[in-house]
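1. Quick one, fold the following:
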Amino acid sequence: MTGDSALRIIATSASEQDVGLVMQEIGQRARSAARKVALSPADQRNTALVAMAKALRSHSARILAANTQDLADGLKAGLSAAFMDRLALDEKRLAAMADAVADVAALPDPLGRVLAEWTQPNGLRFERVATPLGVIAVIFESRPNVTADAGSLCLKSGNAAILRAGSDSFRTSTEIAAAMREGLEAAGLPGDAIQLVPTRDRAAVGEILTGLGGNVDVVVPRGGKSLVARVQSEARVPVFAHLDGNCHVYVHGKANLAMARDILLNAKLRRTGVCGAAETLLVDKACAVTHLAPLVTALLEAGCAVRGDRATQAVDARVTPASEEDWSTEYLDRIIAVKVVAGLDAAIDHIERYGSHHTDAIVTASNAAAARFLAEIDSAIVVHNASTQFADGGEFGFGAEIGIATGRMHARGPVGVEQLCSFKYRVHGAGQTRP
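-> Numbers count the residues shown, from 1 in each chain. Below you'll find the model as predicted:
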């Protein structure tokens, strides 16, 4: 049975059976598949990834046709421009998706790595060795590329994936998942190692959050604030997530204006709907006379609305007043909040008060100021003289990412293959017994 036909049979069963029963079966299948994938050699997993990339390319017409339908439905439903941008695929984006899957195959095998080793005085030799997490459930909304990114990263790290797409990307994600399963089966691995939840019913999310009878080891939400908040509140298993992407660009008093302008425009406007997009610009009082007006003008002329404090409003009549709420808002749109701060201490205080601990950047020629910023800002990603839009697993050299984690347990920042591993201890003896 091909991955495509198997997926459609499961989809049919979801409409005929109780969602809870269907989800329990998916969990059991994932657990069984996870065992086989964990024990598979790296070459076999890499062969499957290459086959997945090939299947994505060969099924591009079907995937794009499904995406056209999803986009039409999204337009009728009144989805925001940011959601529509995340949902949309074209030939270029689909090719990049396939390339990312192939790139994952080229990464070093994360499994079996000896993370640490030591020998005790009694002669026992200890090794801490990387192992898979097991079954990873990914709940996402309008990003169909997550299907490929999550599936490929989970496979590379020896895990099985349960993917729950939002209703807005359901058709596209179904076709992508079918191609991924095809690649798995072509390499002799179980198609159930990557399963797309075959229903739009929201009850499926609740079932996943219960852990599916102990078959889910970790949940990764990719979506809006309400989805992530629900997952973090209700999940009975560990969660890798971030609630907001309220990212900052701080232009320090010793910043080069041209560099600051380029970084700011890219950080805010390259793609406004991604979690690494800058939402607040902080300009140091020490350079406000020379830097504030040109930066604000550049934003406005690029079509970005500016909400500013009094100092920012004073430089351009098109700036509207910023409210207290604006400093903590993730716009995901062509809107930015701008504030003049008294110095580095004030910038750090502002980011720590209003930020979401995702990605924050400083633009400065002062290495001392940069060192303090990088040390004192408690965000998953801190950046010196570069755009916040580099908050992406591919840009980190991870091949892809399953999400950005802003928590402090286990994974933080882009979650790639290494972050999808746990570890165990191997202990080597020569007949030792404990007195």
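2. And residue 242, how far from residue 386?
-> 20 Å (CB to CB, to the nearest Å). C-beta here means a position set from N, CA and C on the backbone, and glycine is covered the same way.
3. Those two: which has the busier surroundings?
-> Using other CB atoms under 10 Å as the criterion, residue 242 and residue 386 rank with residue 242 on top: 24 against 15.
4. secondary structure element for that one?
-> With elements taken from DSSP states H and E, nothing contains residue 242; it lies in neither a helix nor a strand.
5. Could you report the separation of it from residue 356?
-> For residue 242, the distance to residue 356 - CB to CB - is 7 Å.
6. between those two, what contacts are shared?
-> residue 406 (CB atoms under 8 Å, 6 or more residues apart in numbering).
7. Is residue 264 part of a helix or strand, or is it coil?
-> Following DSSP: H, G, I helix; E, B strand; the rest coil, the label given to residue 264 is helix.
8. List the buried residues for stretch 82-100?
-> 82-84, 86-89, 94, 97-100 (16 or more other CB atoms under 10 Å).
9. residue ranges of the strands in the stretch 151-300 of the chain, please?
-> 160-164, 194-196, 218-222, 247-251, 278-284 (DSSP state E, counting those that start in this stretch).
10. And these, which one averages the lowest pLDDT?
-> Of all the strands of the stretch 151-300 of the chain, the minimum mean pLDDT falls on strand 218-222 (a mean of 91).
11. Quick one: distance of that one to the chain centre.
-> Put simply, strand 218-222 sits 9 Å off its chain's centre (CA atoms, centre = their mean, to the nearest Å).
12. and what of stretch 182-196?
-> For stretch 182-196, the distance to the chain centre is 23 Å (CA atoms, centre = their mean).
13. quick one: low-confidence parts of the protein?
-> 1-17 (pLDDT under 70).
14. Could you break it into its assigned domains?
-> Split into domains by automatic domain parsing, the chain comes to 3-241, 247-390.
15. Tell me which of these sits nearest to residue 397.
-> domain 3-241 (8.5 Å; CB to CB).
16. Please verify my assumption that residue 405 contacts residue 420.
-> No: the pair residue 405 / residue 420 is not scored as a contact, 11.0 Å apart, by CB atoms under 8 Å.
17. More neighbours: these two, which one.
-> Per other CB under 10 Å, whichever of residue 405 and residue 420 has more neighbours is residue 420, with 28 against 22.
18. ok, now which ones touch the more buried one?
-> By CB under 8 Å, 6+ apart, the contact set of residue 420 is 110, 132-133, 136, 153-154, 157, 159, 402, 411.
19. Nearest to residue 361, out of the strands of the stretch 151-300 of the chain?
-> Closest to residue 361 of those is strand 247-251 (CB to CB; 5.0 Å).
20. same for the closest one, what does it pack against?
-> Under the contact criterion of 3 or more CB pairs under 8 Å, 6 or more residues apart in numbering; DSSP states H and E, strand 247-251 touches helix 257-269, strand 278-284, helix 344-354, strand 359-363.
21. Now for residue 405 and residue 420: what residues contact both?
-> Residues touching both residue 405 and residue 420 (CB under 8 Å, 6+ apart): residue 411.
22. Confirm for me that residue 222 is in contact with residue 138.
-> Yes: contact status for residue 222 versus residue 138: in contact at 6.6 Å, counting by CB under 8 Å.
23. which neighbours do these two share?
-> 146, 402-403.
24. Reformat the residues you listed as JSON lines; add neighbour count.
-> Listed next are the shared contacts of residue 222 and residue 138 as JSON lines, based on neighbours: other CB atoms under 10 Å:
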{"residue": "146", "neighbour count": "27"}
{"residue": "402", "neighbour count": "31"}
{"residue": "403", "neighbour count": "27"}
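25. With just CA atoms, put stretch 333-352 into PDB.
-> Extracted C-alpha coordinates of stretch 333-352, given in PDB (Å, rounded to 0.1, in the frame of the first residue of the first chain):
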ATOM      1  CA  ASP A 333       2.100  42.900  10.300                       C
ATOM      2  CA  ARG A 334       3.600  46.000   8.800                       C
ATOM      3  CA  ILE A 335       3.400  47.800  12.100                       C
ATOM      4  CA  ILE A 336       6.200  48.600  14.500                       C
ATOM      5  CA  ALA A 337       6.500  50.300  17.900                       C
ATOM      6  CA  VAL A 338       9.400  52.800  18.300                       C
ATOM      7  CA  LYS A 339      10.800  54.200  21.500                       C
ATOM      8  CA  VAL A 340      13.800  56.400  22.500                       C
ATOM      9  CA  VAL A 341      15.700  54.900  25.500                       C
ATOM     10  CA  ALA A 342      18.200  56.600  27.800                       C
ATOM     11  CA  GLY A 343      20.900  54.000  27.200                       C
ATOM     12  CA  LEU A 344      22.000  50.400  27.300                       C
ATOM     13  CA  ASP A 345      20.500  49.800  30.800                       C
ATOM     14  CA  ALA A 346      17.200  51.200  29.800                       C
ATOM     15  CA  ALA A 347      17.100  49.100  26.600                       C
ATOM     16  CA  ILE A 348      17.800  46.000  28.600                       C
ATOM     17  CA  ASP A 349      15.200  46.800  31.100                       C
ATOM     18  CA  HIS A 350      12.600  47.500  28.400                       C
ATOM     19  CA  ILE A 351      13.300  44.200  26.600                       C
ATOM     20  CA  GLU A 352      13.200  42.200  29.800                       C
END
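26. Helices along the stretch 301-435 of the chain, start to end?
-> For the stretch 301-435 of the chain, the helices defined by DSSP state H, counting those that start in this stretch cover 310-315, 344-354, 367-376.
27. Figure out which of those is closest to residue 233.
-> Nearest of those to residue 233, taken as CB to CB: helix 344-354 at 22.2 Å.
28. Report the buried residues of the closest one.
-> Residues of helix 344-354 classed as buried by neighbour count (16+ other CB under 10 Å): 344, 346-348, 350-351, 354.
29. quick one: it to chain centroid distance?
-> Averaging C-alpha positions (CA atoms, centre = their mean) puts helix 344-354 25 Å from its chain's average.
30. And stretch 101-108, by the same measure?
-> Distance, stretch centre to chain centre, for stretch 101-108: 17 Å (CA atoms, centre = their mean).
31. which outside residues touch it?
-> Taking CB under 8 Å, 6+ apart as the rule, stretch 101-108 contacts 45-46, 49-50, 52-53, 56, 148, 152-153, 156, 394, 398-400, 417.
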